[in-house]
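In: generate coordinates for the sequence data below:
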Amino acid sequence: MVRAGRRRLLLRALGLGFGARFMPARALRLGLPTAAAGSVLATGYSGAACGQARPADAAGLDLRALVANARPSVVPVGTYSATASPRFGFRGSGFVVADGSVIATNAHVLPAPTEAGSGQGVRLAVLGQTAAPGREAGDLRFATLLAQDKALDLALLRIDGPPLPALALSASEQAAEGQSIALLGFPIGGALGFAPVTHRGIVASVTTVALPAPTAAQLDPRALARLRAGNLQALQLDATAYPGNSGGPVLDASTGEVIGIVNMVLVRGSRETALSAPTGITYAIPVRYLRLLLEEAGAARR
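Out: Just a heads-up that it's a prediction; the model follows:
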């Protein structure tokens, strides 16, 4: 019993003596608070046990706040017909910009002119969002085309009714490779419901919209027109988007500002036209092109 008591005293002295003397410097190198140095041996250098929040936990809190803030600004874009079933026909994603009455989306999301406004009761429409998690869109807003740039596959819609919360557009002229992003939209559309879905990733590359094909035989008219138009840039994303995400915002995960617009048709079709089996890579149009379209349309912007 005496030997056992001495052993416990010796271990305690090592923990409180040598630990308290030598662990602060080591704790500093590990990024641990020095006040917890005496207990580091017992806790196995656990930052959580020493009262530190892990980086992953902090990032999760930031992303939750970003999604909660952006959710009411992301809307399904489509058509409305009183005689259709369902009455709202989903075509893609969009998001609120400018003064809250303007929706940004892809031009290819819009119906053909012969379909909308053709006297058949088909009108452009969006479904306003609710901020509550788990709640789906239900506030129908009719829309009119404000401006579009088919070469860039961008469009602006003006919606009726009171303004919706708008997303801020990044003032940066260039997204950074490796930049953390979140993209929101409605993958697969009505099949999964109209609650916004968030995907997380990074900007994998800042690249050109079009690439020359290995042989002239592999150039289709659209790819050839894009090459002639000049060297437009696109964002290649390390995040998965699906049909229905087109037109949705790509957000800087640290600020919540829009840095791009998801595009599943123009960029992929231009870059991957020579491939027999297109990849699953997601692309986006940089936000600076959207800012130019807003200026041309005379729409206020944030």
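
In: alpha carbons only for contacts and neighbour counts from here, please
Out: Noted.

In: shaky segments in the stretch 151-300 of the chain?
Out: For the stretch 151-300 of the chain, the stretches flagged by pLDDT under 70 are 210-231, 265-280, 300.

In: would you map the helices across it?
Out: 221-229, 266-271, 287-297 (DSSP state H, counting those that start in this stretch).

In: how about P187, phi and psi?
Out: phi -60, psi 130 (degrees, to the nearest 10).

In: again, but for L145
Out: Here L145 shows phi and psi, under degrees, to the nearest 10, equal to phi -70, psi 120.

In: can I assume it is in contact with L154?
Out: No: taking Cα atoms under 8 Å as the definition, L145 is not a contact partner of L154, at 11.3 Å.

In: between the two, which is the more surrounded one?
Out: Shown here are L145 and L154; by other Cα atoms under 10 Å, L154 has more neighbours (23 against 14).

In: wait, what's in contact with the more buried one?
Out: Contacts of L154 were listed using Cα atoms under 8 Å, 6 or more residues apart in numbering, and they are A104, T105, N106, A107, H108, Q148, L290.

In: could you find the lowest-pLDDT member of the residues you listed?
Out: pLDDT across the contacts of L154 is lowest for H108, at 91.

In: that one: what secondary structure?
Out: Look at H108: counting by DSSP: H, G, I helix; E, B strand; the rest coil, its state is helix.

In: what's the closest non-adjacent residue to it?
Out: Leaving aside its sequence neighbours, H108 sits nearest to D153 (Cα to Cα, 6 or more residues apart in numbering; 6.4 Å).

In: do you know how far the one you found is from Y289?
Out: To Y289, D153 is 10 Å away according to Cα to Cα, to the nearest Å.

In: same check, this time on S254
Out: Separation of S254 from Y289 (Cα to Cα): 22 Å.

In: these two: which is more packed in?
Out: Regarding S254 and Y289, a neighbour count based on other Cα under 10 Å identifies Y289 as having more, with 17 against 14.

In: show me the contacts for the more buried one.
Out: L152.

In: can you start the count at 762 instead of 1 from here on
Out: With 762 as the first residue, the last one maps to Y1050.

In: which residues of the stretch 812-961 of the chain fall in strands?
Out: Counting by DSSP state E, counting those that start in this stretch, the segments of the stretch 812-961 of the chain that form strands are 835-841, 849-858, 863-866, 884-889, 900-910, 915-920, 941-946, 958-969.

In: buried set for the last one?
Out: Within strand 958-969, the residues that qualify as buried by neighbour count (16 or more other Cα atoms under 10 Å) are V958, T959, R961, G962, I963, V964, A965, S966, V967, T969.

In: tell me how far the last one lies from S941.
Out: What it means is T969. Remark: distance between T969 and S941 (Cα to Cα) = 20 Å.

In: care to break the protein down by domain?
Out: Here the domain parsing of the chain from automatic domain parsing is 763-813, 831-920, 941-1058.

In: what's the neighbour count on V857?
Out: Burial of V857 is recorded as 28 neighbouring residues (other Cα under 10 Å).

In: might one say that it is in contact with A831?
Out: No: using Cα under 8 Å, V857 makes no contact with A831, being 9.6 Å away.

In: quick check: neighbours shared by these two?
Out: Common neighbours of V857 and A831, counting by Cα under 8 Å, 6+ apart, are L928.

In: for the spatially closest residue to P837 that is not a sequence neighbour, grab the count of nearby residues.
Out: Leaving aside its chain neighbours, P837 sits nearest to S854 (4.8 Å; criterion: Cα to Cα, 6+ apart). S854 sits with 32 neighbouring residues when counted by other Cα under 10 Å.

In: please apply the same query to L907.
Out: 17.

In: which residues touch it?
Out: Counting by Cα under 8 Å, 6+ apart, L907 has contacts A916, L917, L918, R919, A1058.

In: cool, and P926?
Out: By Cα under 8 Å, 6+ apart, the neighbours of P926 are P833, S834, V857, G861.

In: pretty sure the second one contacts L925?
Out: Yes: checked against Cα under 8 Å, the pair S834 and L925 is within contact range at 6.8 Å.

In: any idea how far the residue nearest to G950 when sequence neighbours are not counted lies from S834?
Out: Computed as Cα to Cα, 6+ apart, the closest residue to G950 that is not its neighbour in sequence is G1005, at 5.2 Å. Distance, G1005 to S834, using Cα to Cα: 16 Å.

In: give me every residue that touches M1025.
Out: Y1003, P1004, N1006, S1007, T1043, Y1044, A1045 are the contacts of M1025 under Cα under 8 Å, 6+ apart.
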